[in-house]
Structure formats: C-alpha cells, structure tokens
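Visitor: sequence first, then the predicted structure, then my questions.
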Amino acid sequence: MASIFTRIIDGELPGVFVWRDDRCVAFLSINPMHPGHTLVVPREEVDHWIDVVPFDSAGELSFARADPNPSPGSLEAAAEKIRGALRDLGADSVSE
C-alpha cells in the first residue's frame, strides 16, 4: 500500500511543491511548525520515516508549535519564497 507521501507525490492528495527531481520531492507541511516548513521526501519508499529525517535532538521533532490550520495563501507564499531562493541558486528542478 502506498504511503501518504507517495500519494502526494503521485497527485492523489494535494501538495504545495517547491522541488521535484528523479530522486526526491519537497513540499510544504500542511501543519507547519514555522512558515516554509518543508518536507523533503525520497521518491523511493523507506521502511521507517525516521531514516530520512536529519535532526540533532528528539526535541526538534515536537509538533507542539505546529499550525494545525495554515491558510492556503500562506503555504503558497512560503513555497514561492523557497522556489525563488532555489532559482537564484541556479537550481533547475524547481516546481511551478
């Protein structure tokens, strides 16, 4: 069964993307802890989500600060800011 991330990547569920290439995608969290909270997800499914998360301490994974209901406009504004920064760096896999 496909994970929720695969369903977003495949377009079955909505996502606000800022990056797409052959190996991974990046899209905004629907419960952001901060404006621009972006998930970078490999296209290949992994057994444990913790295997693809870089963090320094477990406290960084606290969702206590997460916004449970961000506006679509705020998600799109944050995504465009990230896309612009990636384009400025010369990236060629930036989503539209």
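Guide: Perfect, thanks for sending it.

Visitor: for this protein, which segments count as helices?
Guide: Secondary structure of the chain (DSSP state H): helices at 4-9, 72-88.

Visitor: packing partners for the first one?
Guide: The elements that helix 4-9 packs onto, with contact taken as 3 or more CB pairs under 8 Å, 6 or more residues apart in numbering; DSSP states H and E, are strand 38-42. All C-beta spots, glycine's among them, are computed from the backbone N, C-alpha and C.

Visitor: list the strands paired with the strand it packs on, with their directions.
Guide: Its sheet considered, strand 38-42 pairs with strand 24-28 (antiparallel) by DSSP bridges.

Visitor: got a list of contacts for the partner strand?
Guide: Contacts with strand 24-28, where a contact means CB atoms under 8 Å, 6 or more residues apart in numbering, come from 8-9, 15-20, 36-43, 75, 78-79, 82, 95.

Visitor: what angle do helix 72-88 and that strand make with each other?
Guide: Orientation check (axes from the mean of the first three to the mean of the last three CA atoms, to 10 degrees): strand 24-28 against helix 72-88 gives 140 degrees.

Visitor: avg pLDDT for strand 24-28?
Guide: Strand 24-28 carries an average pLDDT of 94.

Visitor: what do you get for stretch 65-77?
Guide: Mean predicted confidence for stretch 65-77 is 89.

Visitor: with stretch 2-11 instead?
Guide: 93.

Visitor: tell me the buried residues in that stretch?
Guide: Neighbour counts over stretch 2-11 (16 or more other CB atoms under 10 Å) mark F5, I8, I9 as buried.

Visitor: sweet, I'm off.
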